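# All I have is the shape, not the residue letters:
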């Protein structure tokens, strides 16, 4: 964060740390959380107070050994004095011992591990301040500085023995927490994590942890005690602001452990106190880290703008070096009492940050009594300033003397650093308090609200010097008026004023601006804007609903953190306004959304297709007493409105004929009417295509009657289960897939067809190398682009590598490459008109090939894209004729047979060295001259699926590197000749191949090909499963496949896993599910039968056996959660609209009503 963004002056020894150097320590983050937090620039000044070295990413930092080399002499002297005070002088019989953090093997102490940092640290002398600038800070801060540098872990032998007894006792009250955030919500993203908690009441079954562990989001969680006994826990309280929360467990569920209750003693925390942090550090079951409390008055750390941040409280600091998983660990004194709660740490040092327990104790006592925990707010953030800082901010000397005389132990006062617009203390709040007028003392001026820079003096007549004093009043005054007296610099100079001002405001209930419900629709999570996010971005609350996960709204599972202010021209300032608007919109309808990025001032507009067919629409509301979320679902959407294309009469719009119209321009305009833009969205990761994929491109109309058909490549329209939006002549219409193969054919309602659409004429003359052509395409804005170039080559497409995850790739298709890139990602290839062409020929541009986008992955598994031509008359027109004959009622992927081989080609020179005869050589040269190309014989590149041929018969089958010479007595020179074989109706073909310098005649059987997509998909507790698709089998051992891999059956293939689901980190994408609870499943229907027959209870564990493409098997357990992850099934209708229908297989009992 830049210095220029700060609005507060700090001493040099108290400089705020960059947000990216401070981490919370709860969990191993999921992928999406890593993407969310990659930008850590904060709108507000950081509240950290140490100088920390910046790092490139906000991951958990390694432990860095402490070093004092190079410190100024004055600081070195202070450190020695502090060490002498902290460590008693040892006698010969009682030498000081360094306590190890964790025991080693055999019970022997293990040396403390100090891993090297991942980045190079700057010299220590530049970390704090130059020696000539050192200033002695106030006493508490001076001790803090020296203690922080020492990070002492030294204890005497008697203390060591006491610590052993203490740890052995309290360890039975400390638990490891395993939790899953089932939905993104507010500041939290969906995913798994581990953390720590400790028992604070055996009788009530209460466990204390951090707020970012308990989470405001819906979670499922269990606690694991030291004896590995697991018990379900439910969140019953999470503080809206401070980083603490409380779980509840059923004490009767514990059978094998005597639980130890850890007492909360916030008053025992003091600088120099030896402490131990005991918890689940770095994912370990139990770690014990020792340190010494160095500061009690550190400002709350800042973790970034898009995540949870604590404020309006002090934090403690010590050099314990805690890391991921230790959040919620107790900070223990030598008597085993908790003096603080571990919350976060620094990425650039070993500093750890602890939350004081003062307000925790109040909340715990109320929960024990069954009372609600009242929390008040002014939507104002305060910061504690020491007196020297206050003087620089304008506090008068006389006023400082009065404050010091009143409370000699106080080192400063609270100052206002930000006031949220529209809040209770904002000068522009909607209305002033309406209760009885409060008297204004002499010399004090009444003002409407607080402003940054104000210094807090009193609240309701009580002098305030710290956060606890202020919030002890606010939390007990919810809904009531309070009187605040402040000092505002600059006001004391005016005649008759002293700088003292009075503000009367009403305390707001903090829980009312902390969301406790959300709507899930189209995969998006929508709720009211929280005070946390509003504060982070300085956005007034109640100005729009917050999108915590976008789902289909922005067609990307990573997008979030924006406000929706209006839908279909209706305001949506609150969640319930949004729900009422959404309920009235039909499924599939395209409506405008007004949205605004957090931190921005102006709205933007986007068009959104409403989805009620791929996702359930449900309203969730938190029930803290039960520790669960009540689920109610939206009633069915209204019927879809169908509009026909507007008919415009010829005389409706005045036009002027251009007698001198350019014939070529007329031809381009006519061809433009045949080009179509498409945008597709996949609801889930299926068939190797991720839900966040950008699927868009350009197609060409190939038929209008009887079936309207548009040709697209498989990069633009990759599968069946998706929503398609076509843009034809500047009109948006929905489409549906009717054919998938090497390309895709999409149909649409002919009633919506604009009048100026036509099918282009096809060029019957085959293209040859060096032919002069034009590539004509469209941009996403429907602008026509063209490029004059020539044909560079015609041959086999061998650039498509096998992908991970496996997905369709273009193989065994003849490509047409052009010499120069066209600047567009789709269109058509036409011949360039000759100079002698007539005007009529120029007005009618005949299409010779489709210009398509090809996608694959390179050897580094990065996606790659390029363009090439496809011969329409050879590959497309026969399929179009069949679909028209069937009136598009046949299957999207008709059953077909092939040779099970991927072909490539090689140079003729290489084939000659492998034994190609001169006669064959001459025929290849002659054939290549017909297309002006280079002769390239076909070779066997790979097998497309495992073979059942026994080893003794392998020589009678095709092998890798076989050169194909003839098929059924016909010489093969080009891969396009394979389309002439009519393999669908044949059991075998006769092939002549060159192998080992000899020509062999083989009888090669044809085999049924696996489809590349399907019509039935299931969500199995968050795992998206479907039948095996062809690209997966390409990556299975073709000679010795594992017998467990379902080759002859459809199988249950895992296409993807949803974040926050029980399947995450357990069921593996790209594996097959073989068994569920010991029951074999070989198809999607088998899996559904198991779900219906078993009827598992929520919280129950089920066993899943799975196998990978390499034949590696594993057995995992997943925890059933049908409230958030019911088993769902999607099927495509075989007739009629052929849309996808959704069926709930389980979880109906958790639907508590309809809204």
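Done, it's in. Here the structure is a predicted model, which is why all the values come from computation and not from measurement.
# Touching, residue 1017 and residue 684? I think so.
Yes: here residue 1017 lies in contact with residue 684, judged by C-beta atoms under 8 Å, at a distance of 7.2 Å. (C-beta placed from N, C-alpha, C; glycine too.)
# can you list residues touching both of those two?
Common contact partners of residue 1017 and residue 684 (C-beta atoms under 8 Å, 6 or more residues apart in numbering): 721, 1024, 1055.
# And those residues, which of them are buried?
Those of these that meet the buried threshold are 721, 1024, 1055, by 16 or more other C-beta atoms under 10 Å.
# Show the average pLDDT along the strand ranked longest in the chain.
If you go by DSSP state E, the chain has its longest strand at strand 784-796. Per-region confidence: strand 784-796 scores 92 on mean pLDDT.
# need the next SSE after that strand, C-terminal direction.
Using DSSP states H and E, the helix or strand that directly follows strand 784-796 along the chain is strand 814-818.
# The helix or strand that that next one is followed by packs against which elements?
Using DSSP H and E, the next helix or strand after strand 814-818 towards the C-terminus is strand 827-831. Taking 3 or more C-beta pairs under 8 Å, 6 or more residues apart in numbering; DSSP states H and E as contact, the helices and strands that strand 827-831 lies on are strand 695-703, strand 772-778, strand 847-857.
# Try it again at 7 Å.
Secondary-structure packing of strand 827-831 (3 or more C-beta pairs under 7 Å, 6 or more residues apart in numbering; DSSP states H and E): strand 772-778, strand 847-857.
# Averaged pLDDT, it. What do you get?
Across strand 827-831, pLDDT averages out at 95.
# what's it in contact with?
Residues outside strand 827-831 that contact it (C-beta atoms under 7 Å, 6 or more residues apart in numbering): 675, 698, 700, 763, 771, 773-778, 816, 845-851, 869.
# hang on, residue 963 packs against residue 940?
No: here residue 963 lies out of contact with residue 940, judged by C-beta atoms under 7 Å, at a distance of 8.1 Å.
# Would you mind measuring from residue 847 to residue 667?
Residue 847 sits 11 Å away from residue 667, going by C-beta to C-beta, to the nearest Å.
# Start and end of stretch 934-954, how far apart?
Start-to-end span of stretch 934-954 (C-alpha to C-alpha, to the nearest Å) is 32 Å.
# re the thing from before, could you dump the helices and strands packed on strand 827-831 to CSV with mean pLDDT and mean neighbour count?
Below are those laid out as CSV (pLDDT from 0 to 100; neighbours: other C-beta atoms under 10 Å):
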stretch, mean pLDDT, mean neighbour count
strand 772-778, 94, 22
strand 847-857, 94, 23
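# Reformat those strands as JSON lines; add distance to residue 931.
Putting the helices and strands packed on strand 827-831 into JSON lines (distance: least, C-beta to C-beta, whole Å) gives the following:
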{"stretch": "strand 772-778", "distance to residue 931": "14"}
{"stretch": "strand 847-857", "distance to residue 931": "13"}
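# picking that back up, need the shared contacts of residue 1017 and residue 684 in a markdown table (columns: secondary structure, pLDDT and distance to residue 274).
Formatted as a markdown table, the shared contacts of residue 1017 and residue 684 follow (DSSP: H, G, I helix; E, B strand; the rest coil; pLDDT from 0 to 100; distance: C-beta to C-beta, whole Å):
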| residue | secondary structure | pLDDT | distance to residue 274 |
| --- | --- | --- | --- |
| 721 | coil | 93 | 61 |
| 1024 | strand | 97 | 52 |
| 1055 | strand | 95 | 54 |
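# now whichever helix or strand residue 922 is part of and strand 784-796, what's the angle there?
Assessed by DSSP H and E, residue 922 sits inside helix 918-929. Interaxial angle, helix 918-929 versus strand 784-796 (axes from the mean of the first three to the mean of the last three C-alpha atoms, to 10 degrees): 170 degrees.
# Show me what helix 918-929 is packed up against.
Helix 918-929 sits against helix 908-913, with contacts defined as 3+ C-beta pairs under 7 Å, 6+ apart.
# Just name whatever secondary elements the helix it packs on is in contact with.
If you count contacts as 3+ C-beta pairs under 7 Å, 6+ apart, helix 908-913 packs onto helix 918-929.
# got the buried residues for the helix it packs on?
Buried residues in helix 918-929, counting neighbours by 16+ other C-beta under 10 Å, are found at 920, 921, 924, 928.
# contacts for it?
In contact with helix 918-929 (C-beta under 7 Å, 6+ apart) are residues 908, 912, 934, 935, 937, 965, 971, 973.
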